[in-house]
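Visitor: Model the structure of this input:
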Amino acid sequence: MTPVTRQVLLERLDARQERQFLSEAEFNRLRAAAVRLVPHDPAEIDVIGPLDARLHSGLSGDGWRYADAPPDAEAYRTLLAALPGGFVTLSGEQQDEALRTVQSSHARAFEDLLSELAETFFAHPLTQHRIGYVGFADAPGWPNVGPNELEAREVSHGGQ
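Guide: Here you go, the predicted structure:
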């Protein structure tokens, strides 16, 4: 791993971003939805803070969206408003059902949200460690490594 990659991953490891854009109620609904959509412990991995910070900055996300889709901030707020009152306190099964309903009625916003949450989750060093991901495209010798192979500098762990 290069020094730049190591620095980025170490910064992500314990990063916690304060709410800046969403209201407190929206932020809490989004956190509860995120735990159902991308199961994780929010105390360990912050997937909502980076999303909220991006919305606050006005950046457009991954660089594309459907031509007829509203900006992410508007789409996400509309999606969150479509969740039932008390969503945060519903049982897991009730939250899942509410999310399925919102997925049907706000398909594009739901797709974008799920993609962004998954991207943030899988970019986190704890997730990468837990799934056994050890390679980075900027590391020396990357093109020479085949499936199920490790470079001499990598440590074998888990089921390998």
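Visitor: For this protein, which segments are assigned as helices?
Guide: Secondary structure of the chain, counting by DSSP state H: helices at 3-13, 24-37, 48-57, 72-81, 92-105, 107-122, 125-130.
Visitor: Reformat those as a markdown table; add distance to residue 154, mean pLDDT and mean neighbour count.
Guide: Glycine gets a C-beta too; all of them are placed from N, C-alpha and C. A markdown table is the format used below for the helices of the chain (distance: least, CB to CB, whole Å; pLDDT from 0 to 100; neighbours: other CB atoms under 10 Å):
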| stretch | distance to residue 154 | mean pLDDT | mean neighbour count |
| --- | --- | --- | --- |
| helix 3-13 | 14 | 83 | 12 |
| helix 24-37 | 31 | 97 | 19 |
| helix 48-57 | 28 | 94 | 18 |
| helix 72-81 | 37 | 95 | 18 |
| helix 92-105 | 37 | 97 | 14 |
| helix 107-122 | 19 | 94 | 17 |
| helix 125-130 | 13 | 89 | 15 |
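Visitor: Residue 146: which of these is closest?
Guide: helix 125-130 (19.7 Å; CB to CB).
Visitor: Let me have the helices of the chain in a markdown table, extended by distance to residue 147.
Guide: Formatted as a markdown table, the helices of the chain follow (distance: least, CB to CB, whole Å):
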| stretch | distance to residue 147 |
| --- | --- |
| helix 3-13 | 21 |
| helix 24-37 | 29 |
| helix 48-57 | 31 |
| helix 72-81 | 36 |
| helix 92-105 | 34 |
| helix 107-122 | 19 |
| helix 125-130 | 18 |
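Visitor: Excluding covalently adjacent residues, which one is nearest to the residue nearest the centre of the chain?
Guide: With distances taken as CA atoms, centre = their mean, the residue of the chain nearest its centroid is residue 117 (2.5 Å). Nearest residue to residue 117, sequence neighbours excluded (CB to CB, 6 or more residues apart in numbering): residue 38, at 4.8 Å.
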